[in-house]
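**Q** Here you go, sequence then predicted model.
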Amino acid sequence: MNKAKVKKLRDIIVNVILYTFLAVCIFSVFFTVFSRNNADGAAEIFGYQLRVVTSDSMAKCEFTDVSEFEIKDIPLRSMVFVQAVPKNADEAYEWYRDLEVGDVLTFRYVYTTQITITHRIVSIEENENGGFTIELAGDNKSSENGQLYQTIDTSVNNSVNYVIGKVTGQSYLLGLVMSFLMEPVGILLAIIAPCIVIILLEALKIAKIFMADKKKWRQEEEAKRENELSELRRRIAELEGERNKQAGDKEDKTE
């Protein structure tokens, strides 16, 4: 691989790293701003909420088999993508009817205070008077708090125990990044870092332009000097020819 290809590959890798980092910082700012605007502390977009899990109740446990479920174990600090319950009553009813044992829900629940929990459905039954009774529990039976069960009746209006939505995906890496960037130092980094990256990218562009102009100027100067030297050699050659001619003429006259 020649130097030009190596340089091009290196530039591509550097740009990918820089722009990926910049994208993460921008996303973190978006996440932080929208989380603070949401009363429940979650960023929400297009009917989905982005939440960071703050307990290990859904962490991997040898006593719980989740192999047949779509959503497996959810480690502490993972980010979960939550499909919110429809606001329309008829749509919400159909949404609940599609739920199955093994699905993971994020919900609000009251013990001594109201908290947000993400647990798995262990049973779900349709009530005779409408609505559904859902029983949930965490996967981690070895958790310090033990395995606690929560029951939510969706037919109870304005209940303090209610479902927020269904977990449709998760990302441990993104959750770690967001957990850090939600800290004061992380927030500051998320604001300053993109500015630094942009400044560095612009500085690199200016440096490349300056170096290119300097190289072009040097080449032009070298070409100019070469032309001057060529002209000087030509003039010297002409003078030398004239002198030789004059010397020859004198010799002829002497003879």
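**A** Looks like it came in fine.

**Q** what number of residues lie near A59?
**A** Counted with other C-beta atoms under 10 Å, the neighbours of A59 add up to 18. All C-beta spots, glycine's among them, are computed from the backbone N, C-alpha and C.

**Q** tell me the contacts of the closest residue to it other than its chain neighbours?
**A** Nearest non-adjacent residue to A59, counting by C-beta to C-beta, 6 or more residues apart in numbering: N140, 4.7 Å away. Residues in contact with N140, defined by C-beta atoms under 8 Å, 6 or more residues apart in numbering, are 56-61, 64, 147.

**Q** mind redoing it with 6 Å?
**A** Residues in contact with N140, defined by C-beta atoms under 6 Å, 6 or more residues apart in numbering, are 56-57, 59, 61.

**Q** Name the nearest of these relative to G169.
**A** Nearest to G169, judged by C-beta to C-beta, of those is A59 at 17.2 Å.

**Q** Report pLDDT for the closest one.
**A** At A59, the predicted lDDT confidence score is 92.

**Q** can you confirm it is in a helix?
**A** No. Counting by DSSP: H, G, I helix; E, B strand; the rest coil, A59 falls outside a helix, being coil.

**Q** quick revisit: may I ask which of the contacts of N140 has the most neighbours?
**A** S57 (24 neighbours).

**Q** That one touches A137, doesn't it?
**A** No. Contact between S57 and A137 fails when scored by C-beta atoms under 6 Å: they sit 8.6 Å apart.

**Q** Count the residues that sit near N161.
**A** Counted by other C-beta under 10 Å, the residues lying close to N161 total 17.

**Q** quick one: strands adjacent to the helix or strand hosting T168?
**A** Using DSSP states H and E, T168 falls within strand 162-171. The strands beside strand 162-171 in its sheet (DSSP bridges) come out as strand 79-84 (antiparallel), strand 104-110 (antiparallel).

**Q** just so I know, which of those strands lies nearest N157?
**A** Set against N157 and scored by C-beta to C-beta, those come closest in strand 104-110, at 14.6 Å.

**Q** follow-up on the earlier one: pretty sure the residue nearest to A59 belongs to a helix, no?
**A** No. With three-state DSSP as the criterion, N140 is located in coil rather than a helix.

**Q** Next, work out how far apart it and V197 are.
**A** From N140 across to V197, the span is 39 Å (C-beta to C-beta, to the nearest Å).

**Q** Just name the shakiest helix or strand of this protein by mean pLDDT.
**A** Across the helices and strands of the chain, the lowest-confidence element by mean pLDDT, DSSP states H and E is helix 3-37, at a mean of 65.

**Q** After that one, heading C-terminal, what element do we hit next?
**A** Once helix 3-37 ends, the next helix or strand along the chain (criterion: DSSP H and E) is strand 43-45.

**Q** roughly how far out does that next one sit from the chain middle?
**A** Mean-position distance between strand 43-45 and its chain equals 16 Å (C-alpha atoms, centre = their mean, to the nearest Å).

**Q** Now that strand: average pLDDT?
**A** Strand 43-45 shows a mean pLDDT of 73.

**Q** Let's verify L200: helix, strand, or coil?
**A** Strictly by three-state DSSP, L200 counts as helix.

**Q** Count the neighbours of it for me.
**A** 11.

**Q** Q83 now?
**A** Q83: 17 surrounding residues under other C-beta under 10 Å.

**Q** Same check on S171?
**A** 14.

**Q** any idea what sits nearest it, other than its immediate chain neighbours?
**A** M79 (5.0 Å).

**Q** wait, isn't the one you found in contact with L174?
**A** Yes. The pair M79 / L174 is scored as a contact, 4.7 Å apart, by C-beta under 6 Å.

**Q** Among the two, which residue is more densely surrounded?
**A** M79 (22 against 19).
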